[in-house]
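Peer 1: Need coordinates for the below:
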Amino acid sequence: LTRFSRPTATHRRQLTPRRTRSSPFRVSFLCSHVMADNRHTIILVQTTSNKKSRTFMDFEKVSMAMDGVCTMFEKRLKEMYPHMKDITYDIADLYNYVDALADLSAMVYEPKINAYLPYNKEWVKKKAFAHLKKQAGQ
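Peer 2: Residues are numbered from 1 along each chain as shown. Model (predicted):
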C-alpha cells in the first residue's frame, strides 16, 4: 500500500480569498462556512484536451468532494511513482495538478434556490486547502 502525507496547515499559501463588491463568489463564500459542507456536490473533470476525458464525481458533502479531488491527485501520483511506498506532497503540488487539468469545476446544491451553483478551479483549490487545513488541525 502507498501511504500519502497530506499538506500541513503551516503551508505558505494564503487562505484568504479575494472579495470584491462585483463578485458573486463573495456572497456564497461568506455563507458557506456553516451550511456548505452539508450540500450535495458534483465535481466535473476533464483531464486532457480530449473531450472524451470528461467525467464527474458525485458527493454528499463539499468536504467529501475535496477528499475526492485529493484522492484523484494521489492516484495520479501513485501512477507516476509506482515504486514508492510513501509519497509526500505539498499544497503547491496539488494546486499545480489542478491547474494542469484541462477543466475542473464544482456544482454545489443550494437549497434556497433549489439549484446547483457553479464554481471554478480557484474555488476548488481554496476549498481543498481549507479542508486539508482543517484535517491537519484534528
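Peer 1: could I have stretch 88-95 exported to PDB, CA atoms only?
Peer 2: C-alpha atoms of stretch 88-95 as PDB (Å, rounded to 0.1, in the frame of the first residue of the first chain):
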ATOM      1  CA  THR A  88       4.500  13.200   0.400                       C
ATOM      2  CA  TYR A  89       3.100  16.200  -1.400                       C
ATOM      3  CA  ASP A  90       2.800  19.900  -0.700                       C
ATOM      4  CA  ILE A  91      -0.300  22.100  -1.300                       C
ATOM      5  CA  ALA A  92       1.600  23.700  -4.200                       C
ATOM      6  CA  ASP A  93       1.800  20.200  -5.800                       C
ATOM      7  CA  LEU A  94      -2.000  19.800  -5.500                       C
ATOM      8  CA  TYR A  95      -2.500  23.300  -7.000                       C
END
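Peer 1: please begin residue numbering at 160 from this point
Peer 2: Got it, the first residue is 160 from now on, which makes the last one we talked about stretch 247-254.
Peer 1: Would you double-check that Ile272 falls in a strand?
Peer 2: No - when DSSP: H, G, I helix; E, B strand; the rest coil is applied, Ile272 is found to be coil, with no strand at that position.
Peer 1: burial measure for it, as a count.
Peer 2: Ile272 has 8 neighbouring residues, counting by other C-beta atoms under 10 Å. In this view, the C-beta of every residue, glycine as well, is placed from N, C-alpha and C.
Peer 1: cool, and Lys237?
Peer 2: 14.
Peer 1: and it, what helix or strand is that in?
Peer 2: Assigned by DSSP states H and E, Lys237 falls within helix 221-239.
Peer 1: Give me the mean pLDDT for the following helix or strand past that helix.
Peer 2: Per DSSP H and E, the first helix or strand lying C-terminal to helix 221-239 is strand 245-247. Strand 245-247 shows a mean pLDDT of 87 in the predicted model.
Peer 1: How about stretch 268-283?
Peer 2: Predicted confidence along stretch 268-283 averages 96 (mean pLDDT).
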